[in-house]
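>>> what follows is a predicted protein model with its sequence.
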Amino acid sequence: GLPDISGLDVISRLREWYARPILVLSARNRESDKVGALDLGADVHLTPIEYRLLAALARHRGKVMTHRQLLAEVWGAAHVESPHYLRIYMRALRHKIETDPTQPKHLLTEVGVGYRLADD
């Protein structure tokens, strides 16, 4: 849905000079679109929960989301007292999108509060 170029063309052009992972967030749901993006160099396959977690953080980019907010938004209100879910999935997500998951630059922890997606 880009105005001047297709997303697949963007991936192809980026892959010519950009070696870091390319994560594709798309409203397209055809299997052929997904396979095309992966064939052109997109890297990161996310589980549905990882996707919802990243999408929640992206909607609030640069702002801290508390553990309870993320748990409610991603898993539902019945899970707001289950922070271990969040830790497990944040770790997995960091391993998929961070260059060094032990020193994250994008998915930041706000100790004792929650997480935020860096605004850079």
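Received it, and whenever you're ready, just let me know what you need.

>>> and the helix or strand of the chain with the lowest mean pLDDT, what does it pack against?
Between all helices and strands in the chain, the lowest mean by mean pLDDT, DSSP states H and E belongs to helix 31-40, at a mean of 72. Where contact means 3 or more C-beta pairs under 8 Å, 6 or more residues apart in numbering; DSSP states H and E, helix 31-40 is packed against helix 7-15. Quick note: C-beta positions are derived from backbone N, CA and C, even for glycine.

>>> low-scoring stretches of this structure, by residue?
For the chain, the stretches flagged by pLDDT under 70 are 1, 25-29, 41, 43.

>>> and the longest helix along it, which residues are buried?
When the chain is parsed with DSSP state H, its longest helix is helix 83-97. Going by neighbour count (16 or more other C-beta atoms under 10 Å), the buried part of helix 83-97 is 85-86, 89-90, 93-94, 96-97.

>>> starting at the chain centroid, how far to the least confident helix or strand of the chain?
With C-alpha atoms, centre = their mean, to the nearest Å as the basis, helix 31-40 stands 18 Å off its chain's centre.

>>> which strands and helices sit next to whatever helix or strand comes next after it?
Where DSSP states H and E defines the elements, the next helix or strand beyond helix 31-40 is helix 48-59. With contacts taken as 3+ C-beta pairs under 8 Å, 6+ apart, helix 48-59 sits against helix 67-74, helix 83-97, strand 114-117.

>>> quick one: which of these is nearest residue 18?
helix 83-97 (14.1 Å; C-beta to C-beta).

>>> C-terminal to the closest one, what's the next element?
Downstream of helix 83-97, the first helix or strand assigned by DSSP H and E is strand 107-110.
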